[in-house]
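1. requesting a structural model of the entry that follows:
(chains A and B)
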Amino acid sequence: MTTYQTDPEKEKMMQENYLWDASGAPDPEIQRLESLLADFRQADRALVLPAEIPATPRKFPTVLVHMLSLPRLAAATAILLALGVTLFFMRPRLAPETDPAWNVANLQGAPQIGTKAIAANQAPAKLHVGQMIVTNGDSRASLSQSDLGEIRIDPNSRVRLLQTDATRKRIQLDVGTIHAAIWAPPGTFVVDTPSAVAIDLGCAYTLQVAPDGSGTIRTTLGWVGFHLNGRDSFIPAGAMCSTRPELGPGIPYFEDATPAFREAIVQFDSTSADSPSRSAALATLLAEARAHDALSLWHLLSRTTGPERTQVYTRFAALVPPPKGVTRSGVLNLDQSMLDLWWNSLGLGEISTWRFWEQSASPQPSSNSQQMLEKKQSLRKQAP
Amino acid sequence: MAALSEIRSSRSGPPAVNPPSEPGGSPDDALVRAARRGDRSAFGLLYARYSRMVHGILLARVPFSDVDDLVQDVFLQALPRLNSLREVSRFPGWLASIARNRAADFHRRFKPNEEFDEESASAQTETLTPSANHSSHSSAEAHAVLDAIRSLPDAYREPLIFRLVEGMTGPEIAARTGLTHGSVRVNLYRGMQQLREILGRKTSPPTGGGL
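-> A predicted model of the protein is given here:
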């Protein structure tokens, strides 16, 4: 039997790589410190900004104040204004993004574009439409485009670029986790997954897809629309939502809801309409709901029927009275304009953004994504 | 605080287009420019990208139980002052300075004997306990390790906290702090070396080594 001796220098270098970018042979000491210190890590917390931001006053030299009498000041202002208007119309227009390829950077390990590894410390590689980024267990990558935003790709993920043009940027997440920070206009960035399509509505979020095609989204800023087969879920900052193949997105909920409420949502989503446990789950979540949980109740209106929908309406109206123009019968009949009005009164985002998007583009999964879904469904049917 | 509204509602309504970055600028530069023009969602994205860095800088200097609130303070201080930033590319260093100043200000306002009194120590432990799967022993050990990192020189403690606590890699630290890869690499290795020495002294008999 051959005994292999480790080269101490090589081992040291590999461990140094681990300290540098978590690649190479894991250093047990560092891993232990990471684990010990993990509880000090920053928790996801939304930034709260005042409605009015007071601007920092700029100091104006007092000498200038004395030099400028009021008439002179008025004349100077008029000249500057005219100059400003002239310059505004003469300003050079920024060239739109001309390179359709996206930048890919190595954040850790050896992520690949197709089968080609992206080396560390090199200029960003390019990802073209149709190409796929693959990360293994110890690699991470970032994907960016200056007029879109940045997407960080976690280990064990597969991401394909499907479309990139002036109006739409579309990727497909087969499996794994991405963290998206998007500054493109709402509705521009779309992610296909095997069980739903995620549409950015101006936000930062984390999207996870499990090997069975189910997914979870957590929004940290703005909001995201989740869509499949006519079922929509809106997930604002601080909320999360699961999605399952064939069924599509579930009921979104705020992560600070009570544990009983969250469990009841999961139970409700995972049982069929005629199951007694679903009724029990609905009763629990209605009892546990706070005004803030109106997010979930609004979605429940369209996921329930008959007496269940009436129960949801009653609890919802008690927590957040319907605004002017919204009637009980209208809501129970799922009148879209009334549901939209009620949604807007929740202060979670203006639903016209979504309606605008719905009219301008089909939110159905791309053909690639649809094939992926069909393949998974066929495999499931073949399983014993 | 009733007048506060969360950043999440800031991009509601018809598309509030953030312009692309100017030629030669990084995506972060474009965000800083947009935030200066009053785009609150751009500022929110800067928060999403830099809050870990700010958290790390503060954690290197102030009690854990105060860090989250101070992170918010730092961004709230930075927002109205964005126009005083002459070069947008210097945003990371500028924000880091605000965070360090905020930590110094915290200590100026705080009586020195209050920081590590029994109450604040138990508050820190309590803050950790709910999410921790660790025993109280490992929680105490975690505090001991954090204290050891805090005792290191400035140049070493921040990179180590970014790497070991915030989970950032060396390239990410360099990108967020504006330091070169070489500087971050050297500081990480030297800091780690010193940390090993301190922890070795604390936890091992004279002949022992490691953590």
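2. buried residues in stretch A:103-120?
-> By 16 or more other C-beta atoms under 10 Å in any protein chain shown, the buried positions in stretch A:103-120 come out as A:103-109, A:111-113, A:118, A:120. All C-beta spots, glycine's among them, are computed from the backbone N, C-alpha and C.
3. before we move on, what about stretch A:321-328?
-> Buried residues in stretch A:321-328, counted by 16+ other C-beta under 10 Å: A:322, A:326.
4. so does it get close to chain B?
-> No: Stretch A:321-328 is not in contact with chain B by C-beta under 8 Å from any C-beta of the partner chain; minimum separation 15.9 Å.
5. now chain A against chain B: closest residue?
-> Closest approach between chain A and chain B, counting by C-beta to the nearest C-beta: A:Gly202, at 3.1 Å.
6. wait, is that residue part of a strand?
-> No: counting by DSSP: H, G, I helix; E, B strand; the rest coil, one finds A:Gly202 to be coil, located in no strand.
7. okay, now it: neighbour count?
-> Neighbour count of A:Gly202, defined by other C-beta atoms under 10 Å in any protein chain shown: 30.
8. cool, the one 3 residues further on as well?
-> Other residues near A:Tyr205 number 26, with proximity taken as other C-beta under 10 Å.
9. could you do A:Leu348 as well?
-> Neighbours of A:Leu348 under the rule other C-beta under 10 Å: 25.
10. ok, A:Gly137 next?
-> Counted with other C-beta under 10 Å, residues neighbouring A:Gly137 total 7.
11. quick check: the residue of chain A closest to chain B touching A:Gly222?
-> Yes: in this structure, A:Gly202 is within contact of A:Gly222 by C-beta atoms under 8 Å, at 4.1 Å.
12. which ones are touching A:Ala110?
-> Going by C-beta atoms under 8 Å, 6 or more residues apart in numbering or on different chains, A:Ala110 touches A:23, A:117-120, A:136, A:139.
13. partners of the residue positioned nearest the centre of chain A in the sheet?
-> Closest residue to the average C-alpha location of chain A: A:Tyr205 at 3.0 Å, with C-alpha atoms, centre = their mean. As for beta bridges, A:Tyr205 partners with A:Ala180, A:Thr219 under DSSP bridges.
14. what residues are up against it?
-> A:179-180, A:198, A:217-222, A:224, A:235.
15. filter the contacts of A:Ala110 down to the ones close to chain B.
-> Restricting the contacts of A:Ala110 to those near chain B by C-beta under 8 Å from any C-beta leaves A:Ala120.
16. closest to B:Thr180 out of the contacts of A:Ala110?
-> Closest approach to B:Thr180 among the contacts of A:Ala110 (C-beta to C-beta): A:Ala120, at 14.7 Å.
17. which element, helix or strand, includes the residue nearest to the closest one when sequence neighbours are not counted?
-> Distances taken as C-beta to C-beta, 6 or more residues apart in numbering or on different chains put A:Asn106 closest to A:Ala120, at 4.8 Å, once the chain neighbours are dropped. Using DSSP states H and E, A:Asn106 sits within strand A:102-108.
18. which secondary structure elements does the next helix or strand after that strand contact?
-> Next along the chain after strand A:102-108, taking DSSP H and E as the criterion, comes strand A:112-113. With contacts taken as 3 or more C-beta pairs under 8 Å, 6 or more residues apart in numbering or on different chains; DSSP states H and E, strand A:112-113 sits against strand A:132-134.
19. which residues does the strand it packs on contact?
-> A:104, A:111-114, A:127, A:141, A:143, A:153, A:157-161.
20. which residue in these has the weakest pLDDT?
-> Across those, the bottom pLDDT score, 84, is held by A:Gly114.
21. contact partners for it?
-> A:131-132, A:134.
22. tell me, how many residues neighbour A:Pro194?
-> 29.
23. surely it is in a helix?
-> No: judged by three-state DSSP, A:Pro194 forms no part of a helix; its state is coil.
24. give me the three-state assignment for the spatially closest residue to it that is not a sequence neighbour.
-> Nearest residue to A:Pro194, sequence neighbours excluded (C-beta to C-beta, 6+ apart): A:Gly213, at 3.4 Å. Following three-state DSSP, we place A:Gly213 in the coil state.
25. isn't A:Gly213 right next to A:Ser195, touching?
-> Yes: here A:Gly213 reaches A:Ser195: they are 5.1 Å apart, a contact under C-beta under 8 Å.
26. higher neighbour count, those two?
-> Neighbours were counted for A:Gly213 and for A:Ser195 using other C-beta under 10 Å; A:Ser195 has more, 26 against 23.
27. could you check the pLDDT of the more buried one?
-> Value listed for A:Ser195 in the pLDDT field: 90.
28. go on, A:Arg278?
-> For A:Arg278, the predicted pLDDT is 89.
29. what do you get for A:Thr86?
-> Reported pLDDT for A:Thr86: 46.
30. would you mind listing what in the stretch 201-350 of chain A touches chain B?
-> Near chain B, when you scan the stretch 201-350 of chain A using C-beta under 8 Å from any C-beta, you find A:201-204, A:219-223, A:236-238, A:347-350.
31. strands of chain B, start to end?
-> B:4-6 (DSSP state E).
32. give me the below-cutoff pLDDT ranges for it.
-> For chain B, residues meeting the criterion pLDDT under 70 lie at B:1-27, B:110-137, B:202-211.
33. go through it and flag its longest helix.
-> Determined from DSSP state H, the single longest helix within chain B is helix B:181-203.
34. contacts for it next, please.
-> Contacts for helix B:181-203 (C-beta under 8 Å, 6+ apart): A:16, A:19-20, A:29-30, A:121, B:144-145, B:148-149, B:151-152, B:155-157, B:159-160, B:163, B:170-171, B:173-174, B:177, B:208-211.
35. which stretches in chain B count as helices?
-> B:27-36, B:40-59, B:64-81, B:91-109, B:118-128, B:136-150, B:154-160, B:170-177, B:181-203.
36. most tightly surrounded among the ones you listed?
-> helix B:40-59 (a mean of 25; mean count of other C-beta atoms under 10 Å in any protein chain shown).
37. okay, the angle between that helix and helix B:91-109?
-> Taking axes from the mean of the first three to the mean of the last three C-alpha atoms, to 10 degrees, one finds helix B:40-59 and helix B:91-109 inclined to each other by 50 degrees.
38. does chain A have contacts with helix B:40-59?
-> Yes: judged by C-beta under 8 Å from any C-beta, helix B:40-59 and chain A are in contact via B:40-45, B:47-49, B:51-52, B:55-56, B:59.
39. report the backbone C-alpha coordinates of that helix in PDB.
-> Extracted C-alpha coordinates of helix B:40-59, given in PDB (Å, rounded to 0.1, in the frame of the first residue of the first chain):
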ATOM      1  CA  ARG B  40     -33.800  56.200  -2.100                       C
ATOM      2  CA  SER B  41     -33.800  52.700  -3.600                       C
ATOM      3  CA  ALA B  42     -30.200  53.200  -4.800                       C
ATOM      4  CA  PHE B  43     -29.300  54.200  -1.300                       C
ATOM      5  CA  GLY B  44     -31.100  51.000  -0.100                       C
ATOM      6  CA  LEU B  45     -29.000  49.000  -2.500                       C
ATOM      7  CA  LEU B  46     -25.800  50.600  -1.100                       C
ATOM      8  CA  TYR B  47     -27.100  49.600   2.300                       C
ATOM      9  CA  ALA B  48     -27.500  46.000   1.000                       C
ATOM     10  CA  ARG B  49     -24.000  46.000  -0.400                       C
ATOM     11  CA  TYR B  50     -22.100  47.800   2.400                       C
ATOM     12  CA  SER B  51     -24.000  47.000   5.600                       C
ATOM     13  CA  ARG B  52     -21.900  43.900   6.300                       C
ATOM     14  CA  MET B  53     -18.700  46.100   6.100                       C
ATOM     15  CA  VAL B  54     -20.200  48.700   8.400                       C
ATOM     16  CA  HIS B  55     -21.400  46.000  10.800                       C
ATOM     17  CA  GLY B  56     -17.900  44.500  10.900                       C
ATOM     18  CA  ILE B  57     -16.200  47.900  11.500                       C
ATOM     19  CA  LEU B  58     -18.600  48.600  14.400                       C
ATOM     20  CA  LEU B  59     -18.400  45.100  15.800                       C
END
